[in-house]
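*Asks:* Here is a sequence together with a model predicted from it:
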Amino acid sequence: MKRCRVREFLTAGGEEPRRVIQVRGLWVRRDGHTVLEDITFDVREGSFLGIIGPNGAGKTTLLRAILGLVKPDRGEIRVLGLGPRELKHELHHIGYMPQQVLFDPRFPVSVYDVVMMGRACCIGPLRLPSRADREAVLQSIADVGLQGLERKPIGELSGGQQKRAFLARALCLETSILILDEPTAGLDLDSQARFMDLLARLKEEKKLTVVFVSHDVNVLARFADEIVCINRSMHLHGPPREVLGSERLREAYRCEFDFLAGAGYGAPSGQV
Amino acid sequence: MARLPRPVRRGRAEAVTGRPSTTGKEKEEGLLAYGFAQRALLGGVMIAAVCSLLSFFVVVRRMAFVGMGISHAAFGGVALGLVLGLDPLITAGGFCVLVAMGIGWLGEKGRVHEDTVIGILFAAAMALGVVLVRAARAYNLDLMSYLFGSILALRWADILVMGLVALLSLAFLALFFKELLFIAFDRETAIASGLPVRSVDYAFLIFLALVVVISIKLVGIILVSALLVIPAATGMQLSRNFRGVLVAAEVAGITSVAVGLYLSYLFDVASGACIVLVLFFLFLLSYALSPRRQYMQRRLEG
């Protein structure tokens, strides 16, 4: 029954492309101060939304609100046409990769075990993984290019490989929305580039909608279809060329944005 | 099966080892001919089996101090039972569950760090125990048996309770294993994926408290935390995957109980301490032989 509602939403006619995430006038208060203030935006199906903003701007809180982990004080969020209460049972449509997985490098689990965790909520309590679960896990590992490393302990992988394993974990369900919180933080440039290429390829192959938080203007300029800039309240919303070139981005960050020039956007005298 | 009557008066050595005295002739007839020895072995193996599995999560979640806090808090519960004339293990059970919930609740609120909460609660519970015991002039040998264990004085009723708690805990750990593993590895994503993380966490703490209480008979309040740490620590030396770790932990835990009980009988020393020393020896052995450590070293050396 419940699963049908998402499928209905995804297959129903009407406007194209559908808005898979709708945020309307979102306010979040925490410990007496406002973290997010009147945020409104939509994410269209199959698009790549970049969220940018300084540290402490509420980016992670926004992601958690979309996942239904933070209760809005005001406003409404609908994901796949569902409110937070219904979404609780439909989380297997959303893949989430948190900012940093702080795990003990000696934690005795293999890549396979980690990716299987992604299906834990889907298998349900009291039950063992079925053949379909095992196949989905192996497929997901192959998708991110880690085949052959299934039995390797997760702590012995390189940083880039670990990120790919966590991406595989986020993708091993019926994922249609992928939410990533600074997934390339801490990677060297080469690993970053490879991770982004992989993400772009998987997004096309699996027709994913991607919500991507990052500080990296270069990455967002290259991959995002749309960018939302927040610093407690929403400052800008639009395609990269408009947002990244805007004076108001500097306002949001309250500092000079020199490295923007490197992205080819916002260069002061139009040199590209 | 001969049922030994519970000793009414016990000698000094007996109070520490908790075992009815035997004559030299009986000793020659083989240990397992005694009902008390059979019960000790049966109870000990059940406790070792559940503690070893539990210790895996205690170690990977770095909850060693939680186990220690809960077990020491049991002293307050035992004292309360002795003073009120109730079964000390029942009051200790209630007390430990309360302390475990307190640790979970205060830790969850994030106002006080978890280790700080434990440091406060376990000291307070022990202090309460000391005050109660002094006030009731109950500082007697019975109390010592709770501090150091009295596995050889088990009755069949004790075995029944132990078996029930052990079975329930094993069932919980087995049925929610993948959830527990996910939470231990990456709590944030486990919450985001819709798992009932809070409920599983509280259930884990409650079962931890109950297992601590039944383990008090085996090794005593002071040494319970060893059973909740060393088996998995040994397993972690021997395997890089949780399946291997679990098998090694179970083997280490059960072996230490069997060998420890036998050694305590052979040398007439406290059984709880013997079990813990055997366990410690197994850990040292695993550390020395650790293929995992050798592998890491080889990697470092290139």
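*Replies:* That came in fine, so what should we check first?
*Asks:* what residues does chain B put near chain A?
*Replies:* Counting by C-beta under 8 Å from any C-beta of the partner chain, the positions of chain B adjacent to chain A are B:60, B:62, B:175-176, B:178-179, B:181-182, B:184-186, B:188-195, B:236, B:239-242, B:244-245. Just so you know, the C-beta spots here come from the backbone N, C-alpha and C atoms, and that holds for glycine as well.
*Asks:* For chain A, what's the nearest residue on chain B?
*Replies:* residue B:194 (3.8 Å; C-beta to the nearest C-beta).
*Asks:* Residue A:147 contacts residue A:137, doesn't it?
*Replies:* No: if you go by C-beta atoms under 8 Å, residue A:147 and residue A:137 don't touch, sitting 11.6 Å apart.
*Asks:* between the two, which one's more packed in?
*Replies:* residue A:137 (24 against 12; other C-beta atoms under 10 Å in any protein chain shown).
*Asks:* Please identify which helix or strand holds the more buried one.
*Replies:* Applying DSSP states H and E as the criterion places residue A:137 in helix A:131-143.
*Asks:* Show me what counts as buried in the next helix or strand after that helix.
*Replies:* Using DSSP H and E, the helix or strand that follows helix A:131-143 towards the C-terminus is helix A:159-171. Neighbour-count burial for helix A:159-171 flags A:160-171 (criterion: 16 or more other C-beta atoms under 10 Å in any protein chain shown).
*Asks:* Also stretch A:83-97?
*Replies:* Of all the residues in stretch A:83-97, those buried under the rule 16+ other C-beta under 10 Å are A:84, A:86-87, A:90-97.
*Asks:* Up against chain B, what does the stretch 151-272 of chain A have?
*Replies:* Counting by C-beta under 8 Å from any C-beta, the residues of the stretch 151-272 of chain A close to chain B are A:151, A:153, A:156, A:166, A:169.
*Asks:* Could you report the neighbour count for the second one?
*Replies:* What that stands for is residue A:153. Residue A:153: 21 neighbours (other C-beta under 10 Å).
*Asks:* There's contact between residue A:50 and residue A:228 in this structure, I believe.
*Replies:* Yes: Residue A:50 lies in contact with residue A:228 (C-beta under 8 Å); the separation is 7.3 Å.
*Asks:* Looking from chain B, tell me which residue of chain A is nearest.
*Replies:* residue A:91 (3.8 Å).
*Asks:* Give me the pLDDT for that residue.
*Replies:* At residue A:91, the model reports a pLDDT of 83.
*Asks:* Kindly report the same for residue B:123.
*Replies:* 90.
*Asks:* now do residue A:224
*Replies:* 87.
*Asks:* just to revisit the earlier point, residues touching the residue of chain A closest to chain B, list them.
*Replies:* Taking C-beta atoms under 8 Å, 6 or more residues apart in numbering or on different chains as the contact definition, residue A:91 lies against A:67-68, A:121, B:192-194.
*Asks:* Flag the least confident of the residues you listed.
*Replies:* Ranked by pLDDT, the contacts of residue A:91 bottom out at residue A:121, which scores 76.
*Asks:* so which helix or strand takes in that one?
*Replies:* helix A:120-123.
*Asks:* Is that helix in proximity to chain B?
*Replies:* Yes: looking at helix A:120-123 against chain B by C-beta under 8 Å from any C-beta, the contacts come from A:120-121, A:123.
*Asks:* so what does that helix touch, helix or strand wise?
*Replies:* If contacts are counted by 3 or more C-beta pairs under 8 Å, 6 or more residues apart in numbering or on different chains; DSSP states H and E, helix A:120-123 sits against helix B:177-185.
*Asks:* and the helix or strand following the helix it packs on, how far from the chain's centre?
*Replies:* Using DSSP H and E, the helix or strand that follows helix B:177-185 in sequence is helix B:187-192. Put simply, helix B:187-192 sits 29 Å off its chain's centre (C-alpha atoms, centre = their mean, to the nearest Å).
*Asks:* Check which helices and strands the helix or strand just after helix B:187-192 sits against.
*Replies:* Next helix or strand after helix B:187-192 toward the C-terminus (DSSP H and E): helix B:197-219. Helix B:197-219 sits against helix B:35-60, helix B:64-84, helix B:88-109, helix B:156-175, helix B:177-185, helix B:187-192, helix B:224-227, helix B:271-289, with contacts defined as 3+ C-beta pairs under 8 Å, 6+ apart.
*Asks:* Now do the buried residues in stretch B:257-273.
*Replies:* B:257-265, B:269-273.
*Asks:* In terms of pLDDT, where does residue 109 sit?
*Replies:* As the question left the chain open, I've gone with chain A. For residue A:109, the model assigns a pLDDT of 94.
*Asks:* look at chain B instead
*Replies:* So residue B:109 comes in at 72 (pLDDT).
*Asks:* export stretch B:74-81 as CSV, just CAs?
*Replies:* This file holds the C-alpha atoms of stretch B:74-81, laid out as CSV (Å, rounded to 0.1, in the frame of the first residue of the first chain):
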residue,chain,number,x,y,z
ALA,B,74,24.8,-3.4,41.3
PHE,B,75,26.6,-3.1,44.7
GLY,B,76,24.0,-0.5,45.7
GLY,B,77,21.2,-2.8,44.7
VAL,B,78,22.7,-5.8,46.5
ALA,B,79,23.1,-3.8,49.7
LEU,B,80,19.5,-2.6,49.4
GLY,B,81,18.3,-6.2,49.1
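*Asks:* what about that stretch, average pLDDT?
*Replies:* 89.
*Asks:* Provide the contact partners of that stretch at residue level.
*Replies:* With C-beta under 8 Å, 6+ apart as the criterion, stretch B:74-81 contacts B:86-96, B:124-130, B:132-133, B:138, B:143, B:146-147, B:212-213, B:216, B:221, B:224.
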